[in-house]
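Colleague: everything below, folded, please.
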Amino acid sequence: MDIIEILKQDYQKFPVDQTYSIYAENVYFQDPLNKFRGVERYKQMIRFINQWFINPQLDLHEINQLGDTIKTRWTLSWTTPLPWKPRIAIPGWSELHLNAEKLIDSHIDYWDCSRFDVITQHLPYKS
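Modeller: A predicted model of the protein is given here:
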C-alpha cells in the first residue's frame, strides 16, 4: 500500500492501531514539546496520548508528497481530564522525510499556535 494512503488511514484512527512499520528504527521526532530518536520512543508518546487524554483526534486537512518529503496539515484535539473537561485544539503541520528504503526517518511537527496558547485553552475562565 502507498505510504500516503497508510498515513491517511493512520490519521483517521489516531491514536489507535498506528502503522509503525513505515518508520525507520532510529526515526527522529520533534515537536514544540519533545525531541527524540527511535520508533519505540515514538510508540510510547502515542500510548501516552491514548492513555491520558479523552477522545484524542487527529484531523487531516491536507497531505502532499514532493520527492522524499511528505507534508501534512492537521488539527490535533482532545479533552483534558480536568473537572471542567476543556476541549483542546492544536492546528499545525508535519514534515516527514523518507530515507532510501522509503521509511520515515524524520517527523517534525510545527504548531500554528504557541505553547502558551495551548495552556490557556485549559483555563476554566477565559476572557
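Colleague: okay, and the beta partners of residue 72?
Modeller: residue 63, residue 94 (DSSP bridges).
Colleague: I'd assumed residue 91 was in contact with it.
Modeller: No: contact criterion C-beta atoms under 8 Å: residue 72 and residue 91 do not qualify, at 11.9 Å. In this view, the C-beta of every residue, glycine as well, is placed from N, C-alpha and C.
Colleague: which one's more surrounded, the two?
Modeller: Using other C-beta atoms under 10 Å as the criterion, residue 72 and residue 91 rank with residue 72 on top: 22 against 15.
Colleague: tell me who's in contact with the more buried one.
Modeller: Shown in contact with residue 72 (C-beta atoms under 8 Å, 6 or more residues apart in numbering): 7, 11, 60, 62, 63, 64, 93, 94, 96.
Colleague: for PyMOL, write a command that selects the buried ones of those residues.
Modeller: Selection of the buried residues among the contacts of residue 72 in PyMOL, burial being defined by 16 or more other C-beta atoms under 10 Å:
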select buried, resi 7+11+60+63+94+96
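Colleague: pick out whichever of the contacts of residue 72 sits closest to residue 47.
Modeller: The shortest gap between residue 47 and any of those belongs to residue 11, at 17.3 Å (C-beta to C-beta).
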